[in-house]
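>>> generate coordinates for the sequence data below:
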Amino acid sequence: MNEFVITATRTMKSYAAGVAEIVAKYPSFGAFSSSINGIDLLTTDCFADGEKEVVVSSSIRGKDVFLFASCARNEAGLNVDEAKIELYHSVDAIKRAQAAQIIVFEPYMSCSRSDRTTRRSSVGLWGHLKILSSLGAKHFVTYQLHSDKSQAMVDPTRCVIDDIPAISLLKLRLCDVYIKNLETLNGKVRDTWAFCSVDAGGEKLARRFANSFGVPLVVAHKQRDYSRQNSVECINILSAEPIEGKVIWIVDDMIDTAGSVVTLIQTLSRMKPKEINLMAIHPVFSPPVAERLNRLSEEKLLGHIIVTDTVDCSGNKDIVGLEVVPSAGLSAKVIRTIASNGSMAKLLNDYSAEEYLSSPNLFNS
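Numbering: from 1, shown residues only. Predicted coordinates:
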């Protein structure tokens with residue numbers, strides 16, 4: 001096992017510190033525990049004209065470096081462009097400091113939404129990965145890319161990418177908080193719950209939830225108005241079973257402005273479900289998301305809203321019913337696996353709620 005250090009740009013220092021604290025407690029990393037936390041390793045100097053320079057404050061020669069960064073909303077308040085430039089400078093500085101390997105850990109890779117290669121437009125994800133790999137990053141880690149095809153943008157002869165399905169965090173939350181035992185799963189949940197996709201493209205994600213819990217799948221097929229951003233003309237609901245009286249969990253990889261969600265929930269509500277809830281991995285939360293979600297809550301159309309902390313949520317505490325699931329524990333497991341050259345299979349594979357509830361510690365090791 002090579003010596004390694006965990007650090008971050010200004011956008012994720014608090015998050016990375018939490019991950020480093022967990023990793024340092026692993027018995028197998030006892031010899032490295034004093035040097036794992038490198039949260040203060042990077043210093044960003046800003047010049048009067050707006051230019052930046054990142055400085056590595058101590059020796060990392062021959063070490064593997066896990067660099068956490070976010071180009072979405074972040075704790076430092078940097079906008080997208082500033083965050084990206086600081087990330088690029090950080091990778092360059094770490095490479096020049098002769099680190100053995102640079103692993104860029106972006107829990108939410110915001111530019112993954114710009115992944116379409118069939119139209120006359122730039123491809124933001126390709127450009128981002130190309131720049132980072134050219135600067136010296138050899139490994140990328142992220143949670144739930146917007147599209148499976150995005151991984152194909154990484155040249156495996158130069159670098160690799162691990163796209164970890166963070167839906168496990170949401171599934172565990174449902175098991176631990178809302179189901180709790182096998183009796184509830186078999187006697188109530190499987191008869192009264194259903195998982196719903198936000199659109200046809202999200203069917204695969206929603207189906208994974210439905211299969212894990214053994215409940216029906218509902219597919220929403222939306223027709224967009226492509227003359228306007230984040231707009232939907234209408235939604236058609238496809239379901240093999242009646243929705244009336246069921247607890248619906250809408251599942252998506254991200255919530256941005258919640259424009260699609262509003263239309264979907266209004267459509268579903270006319271089918272008289274008992275309750276409608278919302279789950280997403282990445283809380284992108286662009287205005288006017290808080291206003292829209294709170295209005296749905298006030299109208300008794302929306303219950304629980306469950307997201308992870310892959311994007312900083314500290315400024316969205318006014319959203320009614322919001323529950324933020326921490327991901328630092330999962331990030332620590334990813335680092336442990338990579339640092340020890342272990343298998344990612346356990347982190348990539350799906351599981352059944354029945355199996356988990358039969359042995360709650362099964363996925364916590």
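
>>> helices and strands around the host helix or strand of Ser331, which ones?
Element membership of Ser331 [criterion: DSSP states H and E] is helix 328-339. Under the contact definition 3 or more C-beta pairs under 8 Å, 6 or more residues apart in numbering; DSSP states H and E, helix 328-339 sits against strand 4-8, helix 13-24, strand 64-68, strand 101-106, strand 139-143, strand 160-164, helix 345-348. C-beta here means a position set from N, CA and C on the backbone, and glycine is covered the same way.

>>> starting at the chain centroid, how far to that helix?
14 Å (C-alpha atoms, centre = their mean, to the nearest Å).

>>> what of stretch 245-262?
So, by C-alpha atoms, centre = their mean, the centroid of stretch 245-262 is 16 Å from its chain's centroid.

>>> check stretch 249-264 too.
Offset of stretch 249-264 from its chain centre (C-alpha atoms, centre = their mean): 15 Å.

>>> what about it, start to end distance?
Distance between the two ends of stretch 249-264: 12 Å, counting by C-alpha to C-alpha, to the nearest Å.

>>> same question for stretch 196-203.
In terms of C-alpha to C-alpha, the two terminal residues of stretch 196-203 are separated by 8 Å.

>>> so which strand or helix has the residue of the chain most remote from its centre?
Relative to the average C-alpha location in the chain, and by C-alpha atoms, centre = their mean, no residue lies farther out than Ala48, which sits at 34.8 Å. When secondary structure is defined by DSSP H and E, Ala48 falls outside every helix and strand.

>>> tell me the contacts of Val56?
Val56 sits next to Leu41, Leu42, Ala93, Ile94, Arg96, Ala97 when contact means C-beta atoms under 8 Å, 6 or more residues apart in numbering.

>>> of those residues, which count as buried by neighbour count?
Leu41, Leu42, Ala93, Ile94, Ala97 (16 or more other C-beta atoms under 10 Å).

>>> tell me the one of the residues you listed nearest Ala290?
Comparing those against Ala290 with C-beta to C-beta picks out Leu42 as the nearest, at 32.3 Å.

>>> distance of the closest one relative to Ser134?
Distance of Leu42 to Ser134, given as C-beta to C-beta, to the nearest Å: 20 Å.

>>> now swap in Thr337 and tell me
For Thr337, the distance to Ser134 equals 26 Å [C-beta to C-beta].

>>> higher neighbour count, those two?
Neighbour count, other C-beta atoms under 10 Å: between Thr337 and Ser134, Thr337 has more, with 17 against 13.

>>> phi and psi next, for the nearest residue to that one once chain neighbours are set aside.
Leaving aside its sequence neighbours, Thr337 sits nearest to Met344 (C-beta to C-beta, 6 or more residues apart in numbering; 5.9 Å). Reported as degrees, to the nearest 10, the phi and psi values for Met344 are phi -90, psi 0.

>>> what is the neighbour count of Met344?
By other C-beta under 10 Å, 14 other residues sit near Met344.

>>> do the same with Ser14
Under the neighbour criterion other C-beta under 10 Å, Ser14 is assigned a count of 16.

>>> same check on Glu203?
Number of residues near Glu203 (other C-beta under 10 Å) recorded here: 19.

>>> tell me if it really is in a helix.
Yes - using DSSP: H, G, I helix; E, B strand; the rest coil, the assignment for Glu203 is a helix.

>>> is it in contact with Val219, as I believe?
Yes - because the distance of 5.1 Å satisfies C-beta atoms under 8 Å, Glu203 is recorded as touching Val219.

>>> shared neighbours, these two?
Contact with both Glu203 and Val219 is made by residues Ser197, according to C-beta under 8 Å, 6+ apart.

>>> quick one: list the elements packing against the helix or strand where Cys196 lies.
With elements delineated by DSSP H and E, Cys196 resides in strand 193-197, which encompasses its position. In terms of contacts (3+ C-beta pairs under 8 Å, 6+ apart), strand 193-197 is packed against helix 203-213, strand 217-224, strand 247-255.

>>> neighbouring strands - and their directions - for it?
With DSSP bridges as the criterion, the sheet partners recorded for strand 193-197 are strand 217-224 (parallel), strand 247-255 (parallel).

>>> out of those strands, flag the one nearest Lys149.
strand 247-255 (13.8 Å).

>>> list the buried residues for that closest one?
By neighbour count with 16+ other C-beta under 10 Å, strand 247-255 contains the buried residues Val247, Ile248, Trp249, Ile250, Val251, Asp252, Asp253, Met254, Ile255.

>>> what angle do helix 203-213 and it make with each other?
Taking axes from the mean of the first three to the mean of the last three C-alpha atoms, to 10 degrees, strand 247-255 and helix 203-213 form an angle of 130 degrees between their directions.

>>> out of the helices and strands packed on helix 328-339, nearest to Ser327?
strand 139-143 (7.0 Å).

>>> contacts for the closest one, please.
In this structure, residues lying in contact with strand 139-143 by C-beta under 8 Å, 6+ apart are 101-109, 112, 129, 132, 154, 159-166, 281-282, 308, 310, 327, 330, 334, 338.

>>> residues contacting Arg10?
The contact partners of Arg10, by C-beta under 8 Å, 6+ apart, come to Thr44, Asn74, Glu75, Ala76, Leu78, Glu86.

>>> just the ones of those residues in helices?
Secondary structure of the contacts of Arg10 is defined by DSSP state H; positions in helices are Glu86.

>>> and Asn277, that one's in a helix?
No - in this structure, Asn277 is strand, not part of a helix, as judged by three-state DSSP.

>>> mean pLDDT lowest for which of the strands paired with strand 193-197?
Ranked by mean pLDDT, the strands paired with strand 193-197 end with strand 217-224 in last place, scoring a mean of 83.
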